[in-house]
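Colleague: Quick one, what's the 3D model for this:
(chains A and B)
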Amino acid sequence: MIELKSIRKAYQTGSQSLTVLKGIDCTIEEGELVAIMGSSGSGKSTLLNVLGLLDDFDEGSYVLNGQNMDGLSEKAAARYRSDFLGFVFQSFNLISYKTALENVALPLYYQGVPRKERQARALSFLTKVGLADWAEHLPNQMSGGQKQRVAIARALIANPSVILADEPTGALDSVTSDEVMALLKEINSEGITIVVVTHENEIANQCDRIIRLKDGRIEGANA
Amino acid sequence: MWRPDWDGFTEMIQVLLQKPLRTALSGLGVGWGLFMIIITIGSANGLQNGVSQDLGDMAKNSMFMWTQSTSMPYKGFQRGRPIDLKIGDVEYLAANSRVLEVAAPQNQLGGWRGSNNVTRGLKTGAFTVFGEFPEQQLIEARPLKEGRHINTRDIEDKRKIAVIGERVRDILFTKAESPIGGSIRINGVNFTVVGVFSSMRSGEDAEEDLQSIRIPFTAFNQAFHKGDEVGWLCLLFDEEVHADSAAAEIMSVLKARLSIHPNDNRAFGHWTVAREFEEIQSVFSAIRWVSFVFGGLALLAGIIGIMNIMLITVRERTNELGIRRALGATPGVVVRQIMGETLLLTTLFGLMGAILSVATIEGINALLESMPDLQGGSFRNPEVSIDIVLQSLLTMVVMGAFAGILPAFRAVSIRPVEAIRTE
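Modeller: Below you'll find the model as predicted:
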């Protein structure tokens, strides 16, 4: 599903160049639930952004779903994001003035799905994450766990091949964290590949496989 | 095929309603700009209508001419010689001028602040009395209320008849009496009233018309011992000829006959309606330009306000726009959304400004019409054509589109990853 070869990525900060990813090789199979771990500054968030086509990379190759993702235009990246990827963020990133239902339906709007169908599908996904009764609520009327479930429903609605979750439980207490992880595992059991970035061992241990990053390299890989 | 993007539309409405006060205030700038531009154009039109009305129905190819004194010595005459016109000179002019079409000599008795000169029994009044030819009607038409105008037979027979203004009738006759056939005394000479006229002019000019009495030129000269003197000439010239050259030709004919130096510009005074009209036109085109420029500047200020507010909005919504892009919005979609919001804002408030300004103008119009006292003023029927309204609105929409460009491209210049990170 995902194949990375010698991915390098550097940030220019003023006159200095900070290399964040120093040659990442990894493969994630379809249907896997993978955790990416590492301390802050290890490059795990950057790696997730590269995987999510939110950020570009300097060298190497990235094949997603059999297609080369090298040197994509913004437009093409947006298209692939829309077709293949779903995102879950630590800070939920719901749009504050839209109801739960509208937030969930938003990716379908960008795919040009008619309004009626959008709303029906959004409601079914809200039902799936147990929030059907909250459809007309605004994000600030919901708890952290509820917001993250709305975000997960939003990530799922466009039938993505891969869900990328950046510290999905980082802002949640342990009980709701477990609920969210249970939900992600349930989704994974339906065959969707999930990549979770976390620094919590308890979260990582619930995954099939852990990729540990340190200083821009995968630990255990031949450096 | 294009079809209306209602979803995009509701999306924009939702965003604009997010900050209703801000939306209203920034929209106000645009609405105000359009309001001002349409109000000033409407007012300029009102002023023009009022002033044009003052000229009444005077023929555009008419000219008034009177004699003064020479300013140059010529053929043995000293400078400063007073010039007098006789009926014979007018006949000569009519026979020799190539551009002259109608010549109507006039004489006058009484006038501004004149003493009481007209009586009827115990009733008395001070009126301007004109001796004139029937042709006068071709130059300044006066609508007839009763009876008839002066005709050629009156001139030939030197009939002592009078056509009086409505105000003269009101002063000399009671409401119950018919003025036709009534007898009035002008400077001790009896005249029979045969007609009553009103005026097509407005304001003081109309007042003057209504307080005047018209009698046949020949009867005038006989009754008041003017011989064959002519006070001044009212003329109509060929419509194809420009007023200035027509005036020059007519005066040169008279100069030759009366031994006046061809370059003497002081011997005759003259006034043409066309010239007056041109001056009024140029004043109004200047006013119109000024109102366009200032209205345009007001509009520009409003548009810059919109651009400013959209830039702020885009900055504030960096995170939201980042999320939208992560969820599949292409840069083009984001650009369209921001431009659409800007356009919607300008169009919506511009439309409100336009409607409000047209309503205001119509309101003033109704007010003016309901107050007959104001009817004579130099301001009437303020109006704007739908063309002007549409053009202003279109200009504003185009400017609104331009105002949206910078914020829209600013919105997509931030990469999604940075946008999402922004809180």
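Colleague: Please work out how many residues are found near the closest residue to chain A within the stretch 1-150 of chain B.
Modeller: Proximity of the stretch 1-150 of chain B to chain A (Cβ to the nearest Cβ) peaks at residue B:18, 5.2 Å away. No exception for glycine: its C-beta is placed from N, CA and C like everyone else's. By the measure other Cβ atoms under 10 Å in any protein chain shown, the count of residues near residue B:18 is 14.
Colleague: How about residue B:103: which residues does it bridge to?
Modeller: On the basis of DSSP bridges, residue B:103 is bridged to residue B:235.
Colleague: before we move on, back to that, what about the closest residue to the residue of the stretch 1-150 of chain B closest to chain A other than its chain neighbours, which helix or strand?
Modeller: Among residues not flanking residue B:18 along the chain, residue A:97 sits closest, at 5.2 Å (Cβ to Cβ, 6 or more residues apart in numbering or on different chains). Under DSSP states H and E, no helix or strand contains residue A:97.
Colleague: give me phi/psi at residue A:2?
Modeller: Taking degrees, to the nearest 10, you get phi -120, psi 130 for the backbone angles of residue A:2.
Colleague: wait, isn't it in contact with residue A:164?
Modeller: No: between residue A:2 and residue A:164 there is no contact, the gap being 10.0 Å when judged by Cβ atoms under 8 Å.
Colleague: Residues that sit against both of those two, list them.
Modeller: A:51, A:195 (Cβ atoms under 8 Å, 6 or more residues apart in numbering or on different chains).
Colleague: Of those two, which one has the most company?
Modeller: Between residue A:2 and residue A:164, counted using other Cβ under 10 Å, residue A:164 has the larger neighbour count: 27 against 22.
Colleague: And the pLDDT at the closest residue to the more buried one other than its chain neighbours?
Modeller: Nearest residue to residue A:164, sequence neighbours excluded (Cβ to Cβ, 6+ apart): residue A:52, at 4.8 Å. What the model reports as pLDDT for residue A:52 is 91.
Colleague: ok, whichever residue of the stretch 251-400 of chain B sits closest to chain A - contacts?
Modeller: Chain A sits closest to residue B:328 of the stretch 251-400 of chain B, with a gap of 2.9 Å, by Cβ to the nearest Cβ. Residue B:328 makes contact with A:78-79, A:81-83, A:107, A:110-111, A:158, according to Cβ under 8 Å, 6+ apart.
Colleague: Make CSV out of the residues you listed and add pLDDT, neighbour count and secondary structure.
Modeller: Shown next, in CSV, are the contacts of residue B:328 (pLDDT from 0 to 100; neighbours: other Cβ atoms under 10 Å in any protein chain shown; DSSP: H, G, I helix; E, B strand; the rest coil):
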residue, pLDDT, neighbour count, secondary structure
A:78, 88, 25, helix
A:79, 89, 17, helix
A:81, 89, 27, helix
A:82, 89, 22, helix
A:83, 89, 14, helix
A:107, 93, 28, helix
A:110, 89, 19, helix
A:111, 89, 15, coil
A:158, 89, 21, coil
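Colleague: Filtering the residues you listed by proximity to chain B, which remain?
Modeller: A:78-79, A:81-83, A:107, A:110-111, A:158 (Cβ under 8 Å from any Cβ of the partner chain).
Colleague: Now residue A:92: closest residue in space, sequence neighbours ignored.
Modeller: Nearest to residue A:92 is residue A:147, by Cβ to Cβ, 6+ apart, at 4.3 Å.
Colleague: quick one, helices of chain A?
Modeller: For chain A, applying DSSP state H gives helices covering A:44-51, A:74-84, A:100-110, A:115-128, A:144-156, A:174-189, A:201-205.
Colleague: Show me what the shortest one packs onto, helices and strands only.
Modeller: Taking 3 or more Cβ pairs under 8 Å, 6 or more residues apart in numbering or on different chains; DSSP states H and E as contact, the helices and strands that helix A:201-205 lies on are strand A:33-37, helix A:174-189, strand A:193-198.
Colleague: If you count contacts, what does the longest one end up packed against?
Modeller: Meaning helix A:174-189. strand A:33-37, helix A:144-156, strand A:162-166, strand A:193-198, helix A:201-205.
Colleague: Close to chain A: what parts of chain B are there?
Modeller: Contact residues, chain B versus chain A (Cβ under 8 Å from any Cβ): B:6-7, B:11, B:14-15, B:18, B:319-320, B:322-333, B:412, B:415-417, B:420, B:423.
Colleague: shaky segments in the chain?
Modeller: You didn't say which chain, so I picked chain A. Scanning chain A for pLDDT under 70 picks out A:220-223.
Colleague: The chain in question should be chain B.
Modeller: Along chain B, the model assigns pLDDT under 70 to residues B:1-5, B:53-57, B:111-114, B:372-380, B:422-423.
Colleague: Residue numbers of chain A in contact with chain B?
Modeller: A:49, A:52, A:54-55, A:74-75, A:78-79, A:81-83, A:87, A:89, A:91, A:93-98, A:106-107, A:109-111, A:115, A:154, A:158.
Colleague: Sketch out the strands for the stretch 201-350 of chain B, chain order is fine.
Modeller: Taking DSSP state E, counting those that start in this stretch, the strands of the stretch 201-350 of chain B run over residues B:212-216, B:229-230, B:232-237, B:268-272.
Colleague: buried stuff in the last one?
Modeller: When you say that, I think you mean strand B:268-272. The neighbour-count check on strand B:268-272 (16 or more other Cβ atoms under 10 Å in any protein chain shown) flags B:268, B:270, B:272 as buried.
Colleague: And for stretch A:172-179?
Modeller: A:172, A:176-179.
Colleague: again, but for stretch A:61-72
Modeller: By neighbour count on 16+ other Cβ under 10 Å, the buried set for stretch A:61-72 is A:62, A:64-65, A:69, A:72.
Colleague: Show me which of these is closest to chain B.
Modeller: The nearest one, if we look at those relative to chain B and count by Cβ to the nearest Cβ, is residue A:72, at 11.7 Å.
Colleague: mind listing what that closest one touches?
Modeller: By Cβ under 8 Å, 6+ apart, the neighbours of residue A:72 are A:53, A:56, A:80.
Colleague: Count the residues that sit near the first one.
Modeller: So that's residue A:53. Using other Cβ under 10 Å: residue A:53 sits among 24 other residues.
Colleague: is it true that it touches residue A:82?
Modeller: No: in this structure, residue A:53 is not within contact of residue A:82 by Cβ under 8 Å, at 10.2 Å.
Colleague: farthest-separated two in the buried residues of stretch A:61-72?
Modeller: Greatest spatial distance among the buried residues of stretch A:61-72 (Cβ to Cβ): A:65 and A:72, at 13.4 Å.
Colleague: Quick check: the gap between the residue nearest to residue A:92 and chain B.
Modeller: Distance, residue A:147 to chain B, using Cβ to the nearest Cβ, to the nearest Å: 13 Å.
Colleague: Go ahead and confirm residue B:15 touches residue B:341.
Modeller: Yes: in this structure residue B:15 lies within contact range of residue B:341 using Cβ under 8 Å: 5.8 Å.
Colleague: Those two: which is more packed in?
Modeller: A count of neighbours by other Cβ under 10 Å puts residue B:341 above the other of residue B:15 and residue B:341, at 24 against 21.
Colleague: Might you report the residue contacts of the closest residue to that one other than its chain neighbours?
Modeller: Counting by Cβ to Cβ, 6+ apart, residue B:12 is the residue found nearest to residue B:341 once chain neighbours are left out, at 4.9 Å. Listed by Cβ under 8 Å, 6+ apart, the contact set of residue B:12 reads B:337, B:340-341, B:344.
Colleague: Which helix or strand contains residue B:12?
Modeller: Per DSSP H and E: helix B:6-18 holds residue B:12.
Colleague: buried residues in that helix?
Modeller: Buried residues in helix B:6-18, defined by neighbour count with 16+ other Cβ under 10 Å: B:8, B:11-12, B:15-16.
Colleague: could I get these as CSV with distance to residue B:141?
Modeller: Shown next, in CSV, are those (distance: Cβ to Cβ, whole Å):
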residue, distance to residue B:141
B:8, 61
B:11, 64
B:12, 59
B:15, 63
B:16, 58
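Colleague: out of the contacts of residue B:12, which is most surrounded?
Modeller: residue B:341 (24 neighbours).
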